[in-house]
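Chemist: Have a look at this prediction, sequence included:
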Amino acid sequence: TVAWALEVAALAWLGSRLVLPVMRILAGILAAAVGIRLLLNPAVLAYPIGELVLVNWLLYGYGIPIIALTWAARIFRKTKDDELVHGLEGLAIALGFVLLALQIRQYFHPADIGSSTCYLAEWGSFAIAWMGYGVALSACACRVPRPSLRYGGRIAAGLGLLEALLLPCLVQNPLWSRHPVGELPVL
């Protein structure tokens, strides 16, 4: 999948040099394959990742496609700012969202991100990270006025807020669930 994402970037570069419209079509097909493989593949949760939080294949397997798709979108945007460019940018943003979620999952469940358990601290971490990602994307949209950054930021922050309201505040709330929150009284 990483190689496919690198091929999307290579097709963008070749398309800018050779001015062949077919490169955009091929890049779109490959980018769709990357998206399907990394976003819709439930087997990712069963892959052996290891016990280290940041030093694992997730950073490589999602990070390189994010960089390659962002770079390809930038190259394609020089000739035409169309649906392909918006799709590449949106896919890179979605992959960043999923990478963030998987890294949090790896932190709470080393070597077993497919674990069925998820407690208050993990749900809270998801909410904070997703809202932070949304704010970061929105801040980037102020400097680089791209619709994908603006909408991606709103969607990520909205999902983080919705997740915070539903899970840590309602379902996993320590007031009515028996989840340990520590010994130090805060409120």
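Modeler: Looks like it arrived, so ask away.
Chemist: From now on I want contacts and neighbour counts done on CA atoms only, so please keep to that.
Modeler: Noted.
Chemist: May I ask you to name the longest helix in this structure?
Modeler: helix 83-108 (DSSP state H).
Chemist: and the helix or strand following it, what does it pack onto?
Modeler: Counting by DSSP states H and E, the next helix or strand C-terminal to helix 83-108 is helix 120-143. With contacts defined as 3 or more C-alpha pairs under 8 Å, 6 or more residues apart in numbering; DSSP states H and E, helix 120-143 has these neighbours: helix 83-108, helix 147-166.
Chemist: So what's the residue count around L84?
Modeler: 20 (other C-alpha atoms under 10 Å).
Chemist: That one contacts G28, correct?
Modeler: Yes - the pair L84 and G28 passes the contact test of C-alpha atoms under 8 Å, sitting 6.4 Å apart.
Chemist: picking up where we left off before, quick one, which of the helices and strands packed on helix 120-143 gets closest to T117.
Modeler: The closest of these to T117 is helix 83-108. By C-alpha to C-alpha, the value is 9.7 Å.
Chemist: how far does the closest one sit from the chain's center?
Modeler: 1 Å (C-alpha atoms, centre = their mean, to the nearest Å).
Chemist: Now do that helix: which elements does it pack against?
Modeler: helix 22-39, helix 57-79, helix 120-143, helix 147-166.
Chemist: With mean neighbour count as new columns, can those helices be given to me in JSON lines?
Modeler: Output for the helices and strands packed on helix 83-108, formatted as JSON lines (neighbours: other C-alpha atoms under 10 Å):
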{"stretch": "helix 22-39", "mean neighbour count": "18"}
{"stretch": "helix 57-79", "mean neighbour count": "20"}
{"stretch": "helix 120-143", "mean neighbour count": "19"}
{"stretch": "helix 147-166", "mean neighbour count": "19"}
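Chemist: Tell me which of the ones you listed sits nearest to R178.
Modeler: Closest to R178 of those, according to C-alpha to C-alpha: helix 120-143, at 10.4 Å.
Chemist: What would the closest one look like as PDB? C-alpha coordinates only.
Modeler: Below are the C-alpha coordinates for helix 120-143, written out as PDB (Å, rounded to 0.1, in the frame of the first residue of the first chain):
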ATOM      1  CA  LEU A 120     -12.600   6.000  29.900                       C
ATOM      2  CA  ALA A 121      -9.000   7.200  29.500                       C
ATOM      3  CA  GLU A 122      -8.800   5.800  26.000                       C
ATOM      4  CA  TRP A 123     -12.100   7.400  25.000                       C
ATOM      5  CA  GLY A 124     -11.000  10.700  26.500                       C
ATOM      6  CA  SER A 125      -7.700  10.500  24.600                       C
ATOM      7  CA  PHE A 126      -9.600   9.900  21.300                       C
ATOM      8  CA  ALA A 127     -11.800  12.900  21.900                       C
ATOM      9  CA  ILE A 128      -8.900  15.200  22.800                       C
ATOM     10  CA  ALA A 129      -6.700  14.000  19.900                       C
ATOM     11  CA  TRP A 130      -9.500  14.300  17.300                       C
ATOM     12  CA  MET A 131     -10.500  17.700  18.500                       C
ATOM     13  CA  GLY A 132      -6.900  18.800  18.500                       C
ATOM     14  CA  TYR A 133      -6.400  17.400  15.000                       C
ATOM     15  CA  GLY A 134      -9.500  19.400  13.900                       C
ATOM     16  CA  VAL A 135      -8.200  22.600  15.400                       C
ATOM     17  CA  ALA A 136      -4.800  22.000  13.800                       C
ATOM     18  CA  LEU A 137      -6.400  21.500  10.400                       C
ATOM     19  CA  SER A 138      -8.500  24.600  10.800                       C
ATOM     20  CA  ALA A 139      -5.400  26.600  11.800                       C
ATOM     21  CA  CYS A 140      -3.700  25.300   8.700                       C
ATOM     22  CA  ALA A 141      -6.700  26.300   6.600                       C
ATOM     23  CA  CYS A 142      -6.200  29.900   7.800                       C
ATOM     24  CA  ARG A 143      -2.700  29.900   6.300                       C
END
